[in-house]
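Peer 1: Next comes the sequence, and after it the predicted model I'd like to discuss.
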Amino acid sequence: MTDHGHSQQEISERINAPPGRGVLRDVVYGGIDGSVTTFAIVAGVAGAGLSPFVIVALGLANVLADGFSMAAGNYSGTKAELDNIRRIRAIEEQHIMLYPGGERREVREILAQKGLSGRVLEEATDAITSNHDNWIDLMIEGEYGLSGVDPHPVKAAMATFFAFLVAGMIPLLPFLLSMGNAFTLSAWMTAGMFFAIGAIKSRWSLAPWWRSGGETLLIGGLAASIAFFVGSLFHP
């Protein structure tokens, strides 16, 4: 569990500058996909009995092209999320201008759902609706269920790309270094990467590290096994 201070200054600084969702999701997403897709190519090509040169060429192409594609997709998706929040903010601004009474009743209902009632509810409603920005922020969170902290498209894209790049290079290292039993080493190193990603992400969950690592290893291993099986069908 993460501890944080509870002095008035610490509380004020923390509440007034929320971190948002961060890049944890993007790093885990990019890392797992980088490992899975690159090793899937390694396993598929190795299953087909092709040369290590082909494995390296296709693997590097996947790391760079698919990594960039994922980053671009994450950027576009996060930017669309941000644009949607801006669109909803504009809608609420218009509604407050045209239907202030109705919007005020919505604020009252949101606060009532949070447990406020009686005079306290009315005073809280007055306080919220007296500040235009606070009014809109509450509507975005309470009516639409969206976060009040804007996402960062560039940061999300960069986190995805670099996680994909780092994790995706692991399965290729034995072939790049011309090591003996390259495929076996690649399989073990990739399995270790799967487990490490799962174990690390358990730091932000209630699951024990070994369970989170095993779950990620199982998912990645299943994907790699499917790729190897399909590749082996084309073995001459």
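Peer 2: Arrived safely, thanks for sending. Predicted, not measured: the structure shown is a model, and the values here were computed from it.

Peer 1: mind checking how far the spatially most central residue of the chain is from F39?
Peer 2: Residue closest to the mean C-alpha point of the chain, counted by C-alpha atoms, centre = their mean, is R25 at 2.2 Å. Plainly put, R25 is 22 Å away from F39 if you go by C-beta to C-beta, to the nearest Å. Backbone N, C-alpha and C define where each C-beta goes, glycine included.

Peer 1: List the buried residues for the lengthiest helix in the chain?
Peer 2: When the chain is parsed with DSSP state H, its longest helix is helix 67-98. Residues 67, 70-71, 74-75, 78-79, 85, 88-89, 92, 95-96 are the ones in helix 67-98 that count as buried (16 or more other C-beta atoms under 10 Å).

Peer 1: swap in stretch 229-236?
Peer 2: By neighbour count on 16+ other C-beta under 10 Å, the buried set for stretch 229-236 is G231.

Peer 1: before we move on, what SS does the closest residue to G47 other than its chain neighbours have?
Peer 2: Spatial nearest neighbour of G47, chain neighbours left out: G231 (2.9 Å); criterion: C-beta to C-beta, 6 or more residues apart in numbering. Of the three states, G231 takes helix according to DSSP: H, G, I helix; E, B strand; the rest coil.

Peer 1: quick one on the thing from earlier: could you name the helices and strands sitting against the longest helix of the chain?
Peer 2: Other helices and strands packing on helix 67-98, by 3 or more C-beta pairs under 8 Å, 6 or more residues apart in numbering; DSSP states H and E, are helix 24-47, helix 100-113, helix 132-142, helix 153-169.

Peer 1: Which of those helices comes out lowest on mean pLDDT?
Peer 2: Among those, helix 24-47 carries the lowest mean pLDDT, at a mean of 83.

Peer 1: Now do that helix against helix 153-169, angle only.
Peer 2: 30 degrees (axes from the mean of the first three to the mean of the last three C-alpha atoms, to 10 degrees).

Peer 1: Distance of the residue nearest to the centre of the chain relative to G145?
Peer 2: On the measure of C-beta to C-beta, R25 and G145 end up 17 Å apart.

Peer 1: Same check on R211?
Peer 2: Between R211 and G145 the distance is 29 Å, computed by C-beta to C-beta.

Peer 1: now swap in L111 and tell me
Peer 2: Distance, L111 to G145, using C-beta to C-beta: 16 Å.

Peer 1: Compare neighbour counts for the two and give me the winner.
Peer 2: L111 (20 against 7; other C-beta atoms under 10 Å).

Peer 1: so what's the more buried one closest to, chain neighbours aside?
Peer 2: Closest to L111 by C-beta to C-beta, 6+ apart is A124, at 5.3 Å.

Peer 1: quick one on the thing from earlier: off-centre distance for the longest helix of the chain?
Peer 2: Relative to the centre of its chain, helix 67-98 is centred 16 Å away, using C-alpha atoms, centre = their mean, to the nearest Å.

Peer 1: Many thanks, we can stop here.
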